[in-house]
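Participant: the amino acid sequence is not available; the structure is as follows:
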């Protein structure tokens, strides 16, 4: 069992930056590929970014490519999402998720494959 707790959300002006953090419990964090997803009011949850178990592979939604960076620290059981050049359309609840996998280099953009989810953190970008 893995418990995920997100932090770092808040209110920021357009063009600003935020860094989200996701802390994972347990001693097998490096066995999980990780992802960030978001859900805006009235919309379905959408993929934002994913990172492999090793951290060597990453993948981004087109809408955030070049602005967001996903990273992980397996020694600290944490995954991060650095968000720069934020836009009002980035406003959403952001969730981190974990997917157990034997493949160290794979990334997973499909939410259906994830085993564990955090409770989410609100990001609001004002214009």
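Facilitator: That came through fine. All of these numbers come straight from a predicted model, not from anything done at the bench.

Participant: partner residues bridging the spatially most central residue of the chain?
Facilitator: For the chain, the residue nearest the mean C-alpha position is residue 36 (2.2 Å; C-alpha atoms, centre = their mean). For residue 36, the beta-bridge partners are residue 49, residue 96 (DSSP bridges).

Participant: all further residue positions should be reported with the first residue as 718.
Facilitator: In the new count, where the first residue is 718, that last one comes out as residue 753.

Participant: for it, which residues are in contact?
Facilitator: 737, 739, 765, 766, 767, 787, 796, 798, 811, 812, 813, 814 (C-beta atoms under 8 Å, 6 or more residues apart in numbering). Glycine gets a C-beta too; all of them are placed from N, C-alpha and C.

Participant: quick one: the closest residue in space to residue 840 that isn't next to it in sequence from residue 794, how far?
Facilitator: Nearest residue to residue 840, sequence neighbours excluded (C-beta to C-beta, 6 or more residues apart in numbering): residue 726, at 4.8 Å. Computed with C-beta to C-beta, to the nearest Å, the distance linking residue 726 and residue 794 is 19 Å.

Participant: list only those of the contacts of residue 753 flagged as buried.
Facilitator: 737, 739, 765, 766, 767, 787, 796, 798, 811, 812, 813, 814 (16 or more other C-beta atoms under 10 Å).

Participant: which one of those sits closest to residue 804?
Facilitator: residue 765 (13.2 Å; C-beta to C-beta).

Participant: so what's that closest one scoring on pLDDT?
Facilitator: Here, the pLDDT recorded for residue 765 equals 98.

Participant: cool, and the one 5 residues further on?
Facilitator: Per-residue confidence (pLDDT) for residue 770: 96.

Participant: same check, this time on residue 744
Facilitator: 78.

Participant: that's a strand at it, yeah?
Facilitator: No - counting by DSSP: H, G, I helix; E, B strand; the rest coil, residue 744 is not found in a strand; it is coil.
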